[in-house]
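Participant: below are the sequence and a predicted model for it; my questions follow.
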Amino acid sequence: MTPRERVRAVYQGKKPDQVPLMLDLSHWYKKNRNVPFNLSGFTQVEQGLVDLHKQIGALAYCEMGSFYTLASDDPEAVVESRTERGVFSTRITTPLGSLCEERVFNPESYSYGIRKHLLESTDDFPIVEFLLERLRCRPRWELYRAWQDALGELAYPYAQLPYSGSGYLMARNMAVDRAVFAVLDEPQKVQRLVQAVNACNLRILDALLDGPFETLLVSDNYDSNVQTKEFFDTYVREYYSEVARRLHARGKTLAVHVDGESRGVLGWLAECGVDCADAVTPAPMFSLTPAQMRAQAGPRLILSGGIPAGLFGATGSDAAFIECVKRWLDTRRDSPRLIMAAGDQAPTDAPFDRIAMLPELVAHYGAY
């Protein structure tokens, strides 16, 4: 089977010849190949990243830029983003007021840390709601097809929605402590913002549904340490269930990017009809072992991930890394709904030889 056929088999509930290997090498590539990093994302195929995936032999699935554009249909609602002197800033301007976010580039981590959140209090919510009602989506499937052509059988591009209302608030645009206080003190305002974000996202989804993608990713960075079962049931469950329903009606599948503590979350996702929990990371980075993850997820939910950054990166040893990969692949005996990936991105300090050994490890320890 080809790399793409293996992933398709897993999403179709079939058993491939071996566990698929998917990697997000984009951040490692930018850092180690000295590629300028702009948060606006790729606007065309990045040939160096394509060549890296071919050199490793790992399938690419995300961080290929956006396959659509979003723009306001109201001249009074404007979004402007720019990068200047290492600061990426986004400004929203509406008749109700303006908001600004600032993120500062850190050359050591090769990332942009948030210096100023977009949302400071619930008083800012109506400005965002005003904008969201006026955003319209225009697909860019030519970029999707260009990546497919460049990567060949190493391409399985995920289309991607913006953060859900939950992720927009809790994981992205408001400090966690302020978001928690907002949820506790002003739940009606939080509910209104979440509903506005989700309604906008569903319009985007409807504009994308007939596109060439097979799987759609919601990149919410969910973490059950701060987003509890009560929070999930109130702000998340109905939305994930509706996104899954619309995708399944078109023969497409849904992945949710967890990238945090997955204790409890896996079962909740399965209940919503989500097909894949992406960026799931076992102990020692988070609390669950691979076997415990499978037990909580049940046999149907695809688990994609498996490698804690501390073991993948320079602080880990080859022996610990290999043992971690083996433990993840061992769970294929309980369910073939399994993908070998990083816990999120391949960390920037991961030794190249460690990344390069993954295809052989998966072929040896992940065969059916």
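Facilitator: In hand now; what should we look at?
Participant: elements contacting the host helix or strand of Val325?
Facilitator: Assigned by DSSP states H and E, Val325 belongs to helix 318-330. Judged by 3 or more CB pairs under 8 Å, 6 or more residues apart in numbering; DSSP states H and E, the packing partners of helix 318-330 are helix 290-297, helix 309-312, strand 338-340, helix 358-365. To be clear about C-beta, it is placed using only N, CA and C from the backbone, and glycine gets the same treatment.
Participant: show the average pLDDT along it.
Facilitator: The average pLDDT for helix 318-330 rounds to 98.
Participant: re the thing from before, looking at the helices and strands packed on helix 318-330, which is buried most?
Facilitator: Burial of these is given as mean neighbour count (mean count of other CB atoms under 10 Å); strand 338-340 ranks first at a mean of 26.
Participant: who does the following helix or strand past it touch, helix- and strand-wise?
Facilitator: Following strand 338-340 in sequence order, the next helix or strand is helix 352-356 (DSSP H and E). For helix 352-356, the packing partners by 3+ CB pairs under 8 Å, 6+ apart come out as helix 47-56.
Participant: got the buried residues for the helix it packs on?
Facilitator: 49-50, 52-53, 56 (16 or more other CB atoms under 10 Å).
Participant: list the contacts of it.
Facilitator: For helix 47-56, contacts defined as CB atoms under 8 Å, 6 or more residues apart in numbering pick out 23, 25-26, 29, 33, 35, 59-60, 147, 150-151, 154, 355-356, 358-359.
Participant: find the pair from those with maximum spatial separation.
Facilitator: In terms of CB to CB, the contacts of helix 47-56 reach their longest pairwise distance at Val35 and Pro359, which sit 23.3 Å apart.
Participant: do a quick rundown of the helices in the stretch 201-350 of the chain.
Facilitator: 229-235, 237-249, 265-271, 290-297, 309-312, 318-330 (DSSP state H, counting those that start in this stretch).
Participant: a markdown table for these, including distance to Asp220?
Facilitator: Shown next, in a markdown table, are these (distance: least, CB to CB, whole Å):
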| stretch | distance to Asp220 |
| --- | --- |
| helix 229-235 | 11 |
| helix 237-249 | 9 |
| helix 265-271 | 10 |
| helix 290-297 | 17 |
| helix 309-312 | 19 |
| helix 318-330 | 22 |
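Participant: what's the closest of those to Glu101?
Facilitator: Using CB to CB, the helices of the stretch 201-350 of the chain put helix 229-235 closest to Glu101, at 21.5 Å.
Participant: show me which residues of the closest one are buried.
Facilitator: 231-232, 234-235.
Participant: can you tell me the average pLDDT over it?
Facilitator: 97.
Participant: output that helix as CSV - backbone C-alpha positions only.
Facilitator: C-alpha atoms of helix 229-235 as CSV (Å, rounded to 0.1, in the frame of the first residue of the first chain):
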residue,chain,number,x,y,z
LYS,A,229,-16.7,18.0,30.9
GLU,A,230,-19.2,20.6,31.9
PHE,A,231,-17.5,23.1,29.6
PHE,A,232,-17.4,20.6,26.8
ASP,A,233,-21.1,19.8,27.2
THR,A,234,-22.1,23.5,27.3
TYR,A,235,-19.9,25.0,24.6
